[in-house]
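**Q** got a sequence here, can you build the structure:
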Amino acid sequence: ASSLTKDQVQTSSSQSTAPVQPTVTQSEPKTPVSEPVLAPVSAPMPNLKPSIPYPSRRDNERPRDHANEQIEKFYEIFKDMSFEISFMDALMLMPKFASTLKALIGNKEKLSEMART
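**A** Purely as a prediction, here's the structure:
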């Protein structure tokens with residue numbers, strides 16, 4: 001294709017003035033310039049990836065689901081327990097479970113359900 005454009009340049013330069021040549025040489029670089037325009041079109045796609053909030057929401061839901069599963073497991077284990085220890089001693093020995101015990105006491109439906117079984 002470049003040999004055809006050189007032939008066209010030579011024939012046009014022999015028939016007309018010199019300014020015709022720069023227009024032909026300028027039209028050749030314009031086609032490669034239009035190709036890099038396609039590259040910025042693909043550039044916004046990586047910019048969209050960080051702005052999508054769904055993965056962070058999904059990551060926040062996973063620990064919440066895991067925590068709920070652990071609480072349910074704790075309730076099941078707590079149902080099956082039988083021990084003889086004062087309640088105050090138990091609370092002092094389990095400071096990490098204070099929030100779980102508070103939730104258990106606060107949730108009267110769950111507490112009454114556990115008391116029935």
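
**Q** in this structure, which helix is the longest?
**A** Using DSSP state H, we find that the single longest helix of the chain is helix 54-80.

**Q** in that helix, what counts as buried?
**A** Neighbour-count burial for helix 54-80 flags I71, Y75 (criterion: 16 or more other CB atoms under 10 Å). Every C-beta, even on glycine, is put in place using the N, C-alpha and C of the backbone.

**Q** now the following helix or strand past it: mean pLDDT?
**A** Using DSSP states H and E, the next helix or strand after helix 54-80 towards the C-terminus is helix 87-93. Mean pLDDT, helix 87-93: 80.

**Q** residues in contact with the helix or strand just after helix 87-93?
**A** As assigned by DSSP H and E, the chain's next helix or strand after helix 87-93 is helix 98-106. With CB atoms under 8 Å, 6 or more residues apart in numbering as the contact definition, helix 98-106 has outside contacts at I71, F74, Y75, F78, L91, M94, K110, L111.

**Q** for stretch 66-76, same thing?
**A** Contacting residues not belonging to stretch 66-76 are listed as F97, T100, A103, L104, K110, M114 [CB under 8 Å, 6+ apart].

**Q** run the last query once more with 6 Å
**A** T100 (CB atoms under 6 Å, 6 or more residues apart in numbering).

**Q** now it - C-alpha only, CSV.
**A** C-alpha atoms of stretch 66-76 as CSV (Å, rounded to 0.1, in the frame of the first residue of the first chain):
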residue,chain,number,x,y,z
HIS,A,66,-19.7,-16.2,59.4
ALA,A,67,-20.4,-14.4,62.7
ASN,A,68,-24.0,-15.4,62.5
GLU,A,69,-23.1,-19.1,61.9
GLN,A,70,-20.7,-19.0,64.9
ILE,A,71,-23.4,-17.5,67.1
GLU,A,72,-25.8,-20.3,66.0
LYS,A,73,-23.1,-22.9,66.8
PHE,A,74,-22.6,-21.3,70.2
TYR,A,75,-26.3,-21.5,70.9
GLU,A,76,-26.4,-25.2,70.0
